Every structure is written in structure tokens, then in C-alpha cells.
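# Predicted model and sequence follow; I will ask about them next.
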Amino acid sequence: MQRITNCILKQGNEILMLKKPRRDWYCAPGGKMEPGEHIRGSVTREFQEETGLTLLHPELRGVFTFVIKEDGQQFKEWMMFTFYCESSEGERLDVSQEGELEWVPVSEVLQKDMAEGDRHIFQHVLTSNEIIYGTFTYTTDFTLLSVELDINGV
């Protein structure tokens, strides 16, 4: 199973978002964990590779399972660990190999084009300090089929 880490970095009243070229969807920067890598080390490494910025004290805010179904059958599955951070150091890259980096006002984040599951994640992380757990089920063309969310066992 593939494991992904990403981080929602808020500085002032803005969120650093990455617009991926494949679908022109926005997301939080991050990427694949390396074998044997712990999740906090992965999010720091991946975020720095994609943005040039080093996260300072990222906090885990979400653990998610993503299921892709094709013809009613499970086709693919991965896990994502989402962090939140309010401070970083370094210089942001002018150009990222993963897409376009953009500081987006918090009030505009949920209006950006993104995967519907990501919209749920941003909504929660930007309004709560609680850890959220969830499962998102999509079709192979990333139409959201179902969402199951659990906030600290509730």
C-alpha cells in the first residue's frame, strides 16, 4: 500500500497550495514516503523537495485511506497522513517540479478546484485542532463515491 504525507502550511492569512498539472487541481504539497521512513521525516522531506521550505514543528492533523473502485471492485488503495504547520524557514522555490506553488488567502482555499476529499480535509484542518480520520472512495476518474469521517473517535 502506498503511503503519502502532505502538509497544510498557513502563514499569516494564507495557505501555500500546489496546483498539479495533471488535472489543474490544488492540493497541499507532499508526496510518497520512502521505505522505512517515519511520517514526520517524510512530510518534512517531501515538503522541502516540492516547495524549498523547511517545516518547523508540523503537527499530524489527519490520517486517511483512499480507495479507488472500478466496476464496483477495489482497484487501488493508499494512505495519507496530513500535517498542519504555521512556520517554516528557507526560500520558496520559484518553480516546483510538481506544479505551480501559490499562496492562497484562507478565505479562498475551499473555492479552488481540488479533489472533493481534499476539500473535506482542508475544511477540517483549517477550523479544528482535532485529528481527523477518514476514508474516501473514488472512481478511477476521481469522482467521489463516499466519505467516512471520524474526529477523535466520534
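Structure received.
# This protein: strands as residue ranges?
2-11, 14-20, 25-27, 30-32, 54-55, 59-70, 73-85, 88-89, 100-105, 132-139, 144-151 (DSSP state E).
# Export those to CSV and append columns for mean pLDDT.
Formatted as CSV, those follow (pLDDT from 0 to 100):
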stretch, mean pLDDT
strand 2-11, 97
strand 14-20, 97
strand 25-27, 97
strand 30-32, 96
strand 54-55, 98
strand 59-70, 96
strand 73-85, 94
strand 88-89, 97
strand 100-105, 97
strand 132-139, 96
strand 144-151, 94
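# Look through this structure and tell me its longest helix.
Ordering each helix of the chain by length in residues (DSSP state H) puts helix 39-51 first.
# Show me what it is packed up against.
strand 2-11, strand 14-20, strand 30-32, strand 54-55, strand 73-85 (3 or more C-beta pairs under 8 Å, 6 or more residues apart in numbering; DSSP states H and E). Heads up, the C-betas are built off the backbone N, CA and C, glycines and all.
# ok, and what's touching the last one?
Outside of strand 73-85, the residues within contact range by C-beta atoms under 8 Å, 6 or more residues apart in numbering are 1-10, 28, 30, 39-40, 42-43, 55-69, 121, 125, 140.
# give me every residue that touches residue 64.
So residue 64 contacts 79-82, 117, 121, 133-136 (C-beta under 8 Å, 6+ apart).
# on that earlier part again, take the strands of the chain and write them to a markdown table, including distance to residue 47.
Listed next are the strands of the chain as a markdown table, based on distance: least, C-beta to C-beta, whole Å:
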| stretch | distance to residue 47 |
| --- | --- |
| strand 2-11 | 5 |
| strand 14-20 | 9 |
| strand 25-27 | 12 |
| strand 30-32 | 6 |
| strand 54-55 | 5 |
| strand 59-70 | 13 |
| strand 73-85 | 8 |
| strand 88-89 | 8 |
| strand 100-105 | 11 |
| strand 132-139 | 20 |
| strand 144-151 | 24 |
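# Kindly state which of those strands is positioned closest to residue 48.
Nearest to residue 48 among the strands of the chain is strand 54-55; the distance by C-beta to C-beta comes to 5.3 Å.
# quick one: strands adjacent to that closest one?
strand 88-89 (antiparallel) (DSSP bridges).
# ok, residues contacting the partner strand?
By C-beta under 8 Å, 6+ apart, strand 88-89 touches 9, 11, 53-56.
# hmm, back to that, name only those of the contacts of residue 64 that count as buried.
When the contacts of residue 64 are checked for burial by 16 or more other C-beta atoms under 10 Å, the buried set is 79-82, 117, 121, 134-136.
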